[in-house]
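# Here is a sequence with its predicted model. Questions after.
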Amino acid sequence: MRALVSGGGGFLGGAIVRRLLDRGWAVRSFARGAYPALAAAGVEVLRGDLADADAVGRAVAGCDVVFHVAARAGVGGAPSAYRAANVDGTVHVVAACRRHGVGRLVFTSSPSVVHRGDDLRGADESAPYATRHLAAYPATKAAAERVVLAADGPALATTALRPHLVWGPGDTHLVPRLLARARAGRLRFVGDGRALVDSTYVDNAAEAHLLAADRLAGDGAPAGRAYFVSNGEPRPVADLVNAILRAAGLPEEHRTVPFAAAYAAGAVAEVAWRVARRTDDPPVSRFLARQLATAHWFDLTAARRDLGYVPRVSLDEGFARLAEWLRPGR
């Protein structure tokens, strides 16, 4: 079997690549970077941009299954950049799969596609897409998910997974940003820090992707459907963050800022970043403020039933593994 992993050099993409290699699959990665470690592991590394339809076509050709993980994330930068990577790029992936006879496509989506700004308590897949998004990332991920699910058919079986807050050893986003803010004394909780949130240990998220690909080739249960994926262990956001801080040997954080103040600061920061034409993420945004102040936990019944998904690494075991990875001199 030959699999393409778009974004194979990234955090989640890399975890999927490692699991495929463990299965003995031939693996190809498509990303903008070189990633020599992947090449050393026996991965065929192709460089290119999702906005380049020809490059995407070359990456897809000859593959049996595609894991489309790559995306532009964050809140900084022009909306057009998110649309080019997340929507146009996904259109190119789907078209290439059809053109080259790929039978299965597993798309990495996000729970933010259904977040309307209020609490998500035990949400399942019946939750509708949000009609208004506070950032280009969730808006374009929602559009891309629709493209993938609409493409499902006899020749190409498709499914979308919505893993929430993926973290663990090797994390290049969530954990490093939290630790940097904590060390700089700039970490605060929005509201009281007690909103319940789900998160996903990276190995569990990667396993869900392989299970989805397997089921598409088997009984086809997930075809044309989206699934929430998490550890199924919702915890107050302050508890989750402080567990990560403890894993890094840092003191816990208990300071808070009112939601209204954080939301207003986010609005100001977004304007300032837009005027300055900065492409990095501002320190706070309206989207981030709402994400931190509201509950986000999900009903995993559908993923357990249709994918056979079981989160094998618990949060506590994940924190222990993270502590070992962060240990000085490891």
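Thanks, I have the structure now.

# Pro282: how many residues sit nearby?
Neighbours of Pro282 under the rule other C-beta atoms under 10 Å: 20. Just so you know, the C-beta spots here come from the backbone N, C-alpha and C atoms, and that holds for glycine as well.

# Now do it, the pLDDT please.
For Pro282, the pLDDT comes out at 85.

# Who are the contact partners of it?
Applying C-beta atoms under 8 Å, 6 or more residues apart in numbering, we find Pro282 in contact with Val75, Gly76, Gly266, Ala269, Glu270, Ala272, Trp273.

# Among those, filter down to the buried ones and hand me the ChimeraX syntax, if you would.
Remark: buried members of these, expressed as a ChimeraX selection using 16 or more other C-beta atoms under 10 Å:
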select :75,76,266,269,270,273
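
# Show me the helices in the stretch 201-330 of the chain, by range?
Assigned by DSSP state H, counting those that start in this stretch, the stretch 201-330 of the chain shows helices spanning 202-217, 237-247, 259-276, 286-293, 301-307, 315-326.

# Where among those helices is average confidence lowest?
helix 286-293 (a mean of 84).

# List phi and psi for Leu120.
phi -120, psi 100 (degrees, to the nearest 10).

# Check the gap between it and Pro234 for me.
According to C-beta to C-beta, to the nearest Å, Leu120 and Pro234 sit 10 Å apart.

# got any residues that touch both of the two?
With C-beta under 8 Å, 6+ apart, Leu120 and Pro234 have common neighbours Ala295, Trp297.

# Report the secondary structure state of Ala160.
Following DSSP: H, G, I helix; E, B strand; the rest coil, the label given to Ala160 is strand.

# beta partners for it?
Counting by DSSP bridges, Ala160 is bridged to Phe107, Ala226.

# what packs against the helix or strand harbouring Tyr82?
Following DSSP states H and E, one finds Tyr82 within helix 79-82. Under the contact criterion of 3 or more C-beta pairs under 8 Å, 6 or more residues apart in numbering; DSSP states H and E, helix 79-82 touches helix 136-150.

# Could I get the CA-only coordinates of the helix it packs on as PDB?
Below are the C-alpha coordinates for helix 136-150, written out as PDB (Å, rounded to 0.1, in the frame of the first residue of the first chain):
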ATOM      1  CA  ALA A 136     -10.600  32.700   8.600                       C
ATOM      2  CA  TYR A 137      -9.300  29.400   9.800                       C
ATOM      3  CA  PRO A 138     -12.600  27.800  11.000                       C
ATOM      4  CA  ALA A 139     -14.500  29.400   8.100                       C
ATOM      5  CA  THR A 140     -12.200  27.800   5.500                       C
ATOM      6  CA  LYS A 141     -11.900  24.500   7.300                       C
ATOM      7  CA  ALA A 142     -15.700  24.300   7.300                       C
ATOM      8  CA  ALA A 143     -15.700  25.000   3.500                       C
ATOM      9  CA  ALA A 144     -13.000  22.400   2.900                       C
ATOM     10  CA  GLU A 145     -14.800  19.800   5.000                       C
ATOM     11  CA  ARG A 146     -17.900  20.300   2.900                       C
ATOM     12  CA  VAL A 147     -15.900  19.800  -0.300                       C
ATOM     13  CA  VAL A 148     -14.500  16.500   1.000                       C
ATOM     14  CA  LEU A 149     -17.800  15.100   2.200                       C
ATOM     15  CA  ALA A 150     -19.600  16.100  -1.000                       C
END
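
# Not counting its own residues, what contacts that helix?
So helix 136-150 is in contact with 68, 71-75, 77, 79, 81-83, 85-87, 89-91, 94, 105, 107, 109-110, 112-115, 129-130, 133, 158-160, 224-226, 287, going by C-beta under 8 Å, 6+ apart.

# returning to that earlier point: just the buried residues of the helix holding Tyr82, please?
Within helix 79-82, the residues that qualify as buried are Ala81, Tyr82, counting by 16+ other C-beta under 10 Å.

# what sits up against it?
Helix 79-82 is touched from outside by Arg72, Ala136, Tyr137, Ala139, Thr140, Thr279, with contacts defined as C-beta under 8 Å, 6+ apart.

# 7 Å - rerun?
By C-beta atoms under 7 Å, 6 or more residues apart in numbering, the residues outside helix 79-82 that reach it are Arg72, Ala136, Tyr137, Thr140.

# and the closest residue to the last one other than its chain neighbours, what does it touch?
Taking C-beta to C-beta, 6 or more residues apart in numbering, and ignoring the residues beside it in sequence, Thr140 has Asn86 as its nearest neighbour in space, at 3.8 Å. Contacts of Asn86 were listed using C-beta under 7 Å, 6+ apart, and they are Ala71, Arg72, Thr140, Lys141, Ala144.

# so can I have JSON lines of those showing neighbour count and distance to Gly153?
Below are those laid out as JSON lines (neighbours: other C-beta atoms under 10 Å; distance: C-beta to C-beta, whole Å):
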{"residue": "Ala71", "neighbour count": "23", "distance to Gly153": "23"}
{"residue": "Arg72", "neighbour count": "18", "distance to Gly153": "27"}
{"residue": "Thr140", "neighbour count": "25", "distance to Gly153": "23"}
{"residue": "Lys141", "neighbour count": "28", "distance to Gly153": "22"}
{"residue": "Ala144", "neighbour count": "29", "distance to Gly153": "18"}
